[in-house]
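[1] Requesting a structural model of the entry that follows:
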Amino acid sequence: LEELGRSAQRAVTEEDEEEELADSAEGGEEGDTEEWMPEAVDAASSRAATSRSVTDIISMLIAIYGSKELLVNEYRALLAERLLAKDEYQTDREVRILELLKLRFGESNMHNCEVMLKDMTQSKRINTNIKKPALEEGTDATEEDEEQVRRLAPLDCTILSELFWPPFGTKAKEDFTLPADVKGMLDIYADRYHTLKTPRKLVWHPPLGTVKLELQFDDGRVREFSVSPLHAALILKFQDREVWPAAELASDLGISMALLRRKAVLWLNQGVLLEGRAPDTTGDGSATSLVYTLLEHLAEGDTAGVGMVGEDEADGAVASAEEQWQQDMADYESYVTGMLTNFDTMPLERIHNMLKMMVRDPPYDKSLQQLEVFLAKLVAEDKLVAEGGVYRRRT
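    Numbers count the residues shown, from 1 in each chain. Coordinates of the predicted model:
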């Protein structure tokens, strides 16, 4: 992408140089002629080599990903990750890169990316309108309306046209119980959006957001954090009580114990929570259970703010190329199973051709190699048997 930008800049520079030469040729004076210096011998070959290097880089990327479509899909996923991670609506750099890519790959191939960037621009405008008092001509804002605007002040939303965005990853499926205050804000926002954009309604994806919060300790020090909504919901539970049994905290948040322990790592590493064990009050007192305790005093010298540094944050908001491929191919498993039930055994090529004829909505567009990899996965899962180049159901 940087090479594309540099090539475009070089093209503009070369055009400017040619215009200057033309102008000097038309109205040049004798002094200009005397000061004229010939262009270096290797100048033309250097420009040609630079142009070839840009083309070679793009061609090399296409060769690595296998096709132009796969490269565009990968960029689309990276763009979605970048846009969802933004806490503002600034997309100037992304728009510039998209315009360069449209020159290389065509507007039709980059249409989804263009819609994604338009979503960011429209989200900024809608967000501003929703936070304005709903005034009618010649009237003042009601107390209820002013209270709603006040409650929505800390909330900013990104509204996505979901059909044009890549599928969400496992992180988006980490459902949990939102704090009552936050849920109230989301409900007010959704109602005002429905009023503004009737009959459209919002479907929330809370795990994909970002929360900026401040924690104030007993010694007077304050720390700022930028974390995921689940991290924020977890630590907000300690406003009510300083000690939480892990099982009770997980139940209150509506998540599993395994997910709770993963999310608690951030606060443990920052010295905000302490993980320990306490006697289990539900038994005879001999057993212990896992508990989390709020540390009211910040560790000495630990004053800097932190970002999203939880150990599980490697999971992206958008599904990886591998996850998207598995989701796409999983739809064909029932077709393959049905064919092998009716025909007993079938070679790879025949299965491929049958899928082309049978699957219409959406049309089957996978390659023979992709189908072979998928069937090998079914064989590894003991769902199919491969013998002598043909496949059959495992009985």
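[2] how far away is residue 239 from residue 252?
    13 Å (CB to CB, to the nearest Å). Where C-beta positions appear, they are placed from N, C-alpha and C, glycine not excepted.
[3] does residue 351 sit in a helix, a strand or a coil?
    Here residue 351 takes the helix state, with states given by DSSP: H, G, I helix; E, B strand; the rest coil.
[4] check contacts around it.
    By CB atoms under 8 Å, 6 or more residues apart in numbering, the residues touching residue 351 are 336, 339, 371, 375, 391.
[5] got it, and residue 324?
    Per CB under 8 Å, 6+ apart, neighbours of residue 324: 73, 77, 166, 167.
[6] How far does stretch 181-199 sit from its chain's centre?
    23 Å (CA atoms, centre = their mean, to the nearest Å).
[7] So which elements touch the one helix or strand residue 225 maps to?
    According to DSSP states H and E, residue 225 maps onto strand 222-227. On a contact count with 3 or more CB pairs under 8 Å, 6 or more residues apart in numbering; DSSP states H and E, strand 222-227 meets strand 211-216.
[8] now the angle between strand 222-227 and the strand it packs on, please.
    160 degrees (axes from the mean of the first three to the mean of the last three CA atoms, to 10 degrees).
[9] what about dumping the CA coordinates of strand 211-216 to PDB?
    The C-alpha trace of strand 211-216 is given here as PDB (Å, rounded to 0.1, in the frame of the first residue of the first chain):
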ATOM      1  CA  VAL A 211     -14.600   1.500  27.100                       C
ATOM      2  CA  LYS A 212     -12.600   4.300  28.500                       C
ATOM      3  CA  LEU A 213     -12.800   4.500  32.300                       C
ATOM      4  CA  GLU A 214     -11.000   5.900  35.300                       C
ATOM      5  CA  LEU A 215     -10.200   4.000  38.500                       C
ATOM      6  CA  GLN A 216      -9.700   6.000  41.600                       C
END
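[10] Quickly run through the sheet partners of that strand, with directions.
    strand 222-227 (antiparallel) (DSSP bridges).
[11] so the helix or strand just after the partner strand versus strand 211-216, what angle?
    Using DSSP H and E, the helix or strand that follows strand 222-227 towards the C-terminus is helix 229-236. Orientation check (the same axes, to 10 degrees): helix 229-236 against strand 211-216 gives 20 degrees.
[12] Let me see the mean pLDDT of helix 229-236.
    The average pLDDT within helix 229-236 is 93.
[13] same check, this time on stretch 374-385
    90.
[14] tell me which residues in it are buried?
    Using 16 or more other CB atoms under 10 Å as the test for burial, stretch 374-385 gives 374, 375, 378, 384.
[15] can I assume residue 151 is in contact with residue 184?
    Yes. Counting by CB atoms under 8 Å, residue 151 touches residue 184, with 7.1 Å between them.
[16] In PyMOL, how would I select just the buried ones from the contacts of residue 351?
    Provided next is the PyMOL selection string for whichever of the contacts of residue 351 are buried by 16+ other CB under 10 Å:
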select buried, resi 336+339+371+375+391
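[17] now, among the contacts of residue 351, which is nearest to residue 188?
    Of all the contacts of residue 351, residue 188 sits closest to residue 336, with 48.3 Å by CB to CB.
[18] since we're on residue 280, how many residues are nearby?
    Counted with other CB atoms under 10 Å, the neighbours of residue 280 add up to 16.
[19] Quick check: mean pLDDT of whichever helix or strand residue 190 is part of?
    Here residue 190, judged by DSSP H and E, is contained in helix 180-196. Regarding helix 180-196, the rounded mean pLDDT is 93.
[20] Stretch 169-177 now?
    80.
[21] cool, and stretch 128-145?
    73.
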